[in-house]
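[1] I would like to see how this sequence folds:
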Amino acid sequence: MEAFNEMIDVQKESLKARLEEEVIEQNQGIDKFVARWRALKPVDLTCWDVSSVNEIFNELNEWKAQLEDFKERAEELTENFITFNMPSPPRFDGLAVVEDEIMHSAFSWCMLRDYLHDLKKLEEQDWISFRSDMHALHDLASAWGEKTKMRLVAGHTGAVMLHLSTRVEHIKASLPALKYCHGKDFKDEHWGALLQGKLGLPKELRLESLTVGHFTQKLDVLAEPSLLSFAKQLQTQAQGEVLIREALQELAVWSQTAELDLTNHEEQQRQTSLIRNWKDLFLELGDKQSLLASLKESPFYRAFEDVGRCGPLSPIRKVRF
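    As a prediction, the model looks like this:
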């Protein structure tokens, strides 16, 4: 019996020695895993679209699966140490470190994915419906600006957070120009000058198919001071042309509908047609000529010169007092 107990003790010591070797092997495996993670972990992208970000999550899931295998093996070794009453539990310090790194990385990529999801909901809206609710884009930029700021202040300054912070700042910088891209008074030529001329969007793109996404893909251009100046001038031009167009329509209607109030005057058996209230008529005609002259002083009148020179407005222009 004593010999049997001695044999059991020898086997226990052998198993204990083997357990200690397995702990060493586990830590060596963890060290290699940490080295591979730090060399190959997803850090940057050439294209930051939803599809590319989703591929990153496939990679992260593989890293998490490998991490789980190491954690399960570590728990198994710890339980074996307890079972054999070994004096001190095994230590796997590298495991907690790499788990923290993977979780922080995954959290940053999750933030980016959530941001892209929120942005996409706005990008899918058509511009005509969205332009009266443009504060939604400001709200998105403000909310995500605060989230990224908190992460950066906490020391998480990786490429993902820096990219997210940059995109949010670009939205904020683009908002002043976007305000002047409202386009309520724009005609086709104004949209063409903005969309194709300045933003370089496809030539077949028209207002009816324009979406928020067409603008958000050009944030770098919209954030430039020169684009803001252009958009301001374009809106001023469009509004000025609306006023001219409405005034010319008013003059055209008046010229075609105004009538002379005539009365017959007989003298020496001769009848002559006389204009009643001629003074009021000529005063009104003078007002119309003054309006036409003021329109010509507008820097945006050039496009309407033919209308003022001929057509229904020609009689107003030619009358002399």
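
[2] Sticking with the closest residue to residue 45 other than its chain neighbours, tell me its helix or strand.
    Leaving out its chain neighbours, the residue that sits closest to residue 45 by Cβ to Cβ, 6 or more residues apart in numbering is residue 52, at 5.2 Å. The way it works is simple: take the backbone N, C-alpha and C, and place the C-beta from them, glycine included. Here residue 52 sits within helix 50-83, counting by DSSP states H and E.

[3] elements contacting that helix?
    Counting contacts by 3 or more Cβ pairs under 8 Å, 6 or more residues apart in numbering; DSSP states H and E, helix 50-83 is packed against helix 2-40, helix 93-123.

[4] quick check: mean pLDDT across it?
    For helix 50-83, the mean pLDDT works out to 93.

[5] ok, now stretch 87-102?
    So the average pLDDT for stretch 87-102 ends up being 91.

[6] cool, stretch 138-147 as well?
    Mean predicted confidence for stretch 138-147 is 96.

[7] Quick one: distance of that stretch to the chain centre.
    Remark: stretch 138-147 is offset 12 Å from the chain centroid, using Cα atoms, centre = their mean, to the nearest Å.

[8] for stretch 195-211, same thing?
    Its chain's average C-alpha position is 16 Å from that of stretch 195-211, according to Cα atoms, centre = their mean.

[9] Just the buried positions in that stretch, please.
    195, 198-199, 201, 205, 210-211 (16 or more other Cβ atoms under 10 Å).

[10] quick one, strands of the stretch 201-321 of the chain?
    For the stretch 201-321 of the chain, applying DSSP state E, counting those that start in this stretch gives strands covering 262-267, 270-275.

[11] Apart from its neighbours in sequence, what residue is nearest the residue nearest the centre of the chain?
    Per Cα atoms, centre = their mean, the C-alpha nearest to the average position across the chain is that of residue 216, at 3.5 Å. Distances taken as Cβ to Cβ, 6+ apart place residue 123 nearest to residue 216, at 5.5 Å, with adjacent residues excluded.

[12] tell me the contacts of residue 66?
    Taking Cβ atoms under 8 Å, 6 or more residues apart in numbering, we find residue 66 in contact with residue 33.

[13] Kindly report the same for residue 214.
    Contacts for residue 214 were tallied using Cβ under 8 Å, 6+ apart; they are 127, 195, 199, 201, 205.

[14] One more pass at 10 Å, please.
    Going by Cβ atoms under 10 Å, 6 or more residues apart in numbering, residue 214 touches 123, 127, 195, 199, 201-202, 205.

[15] So which of those is the closest to residue 185?
    Proximity of those to residue 185 was ranked by Cβ to Cβ; the top entry is residue 127 with 14.5 Å.
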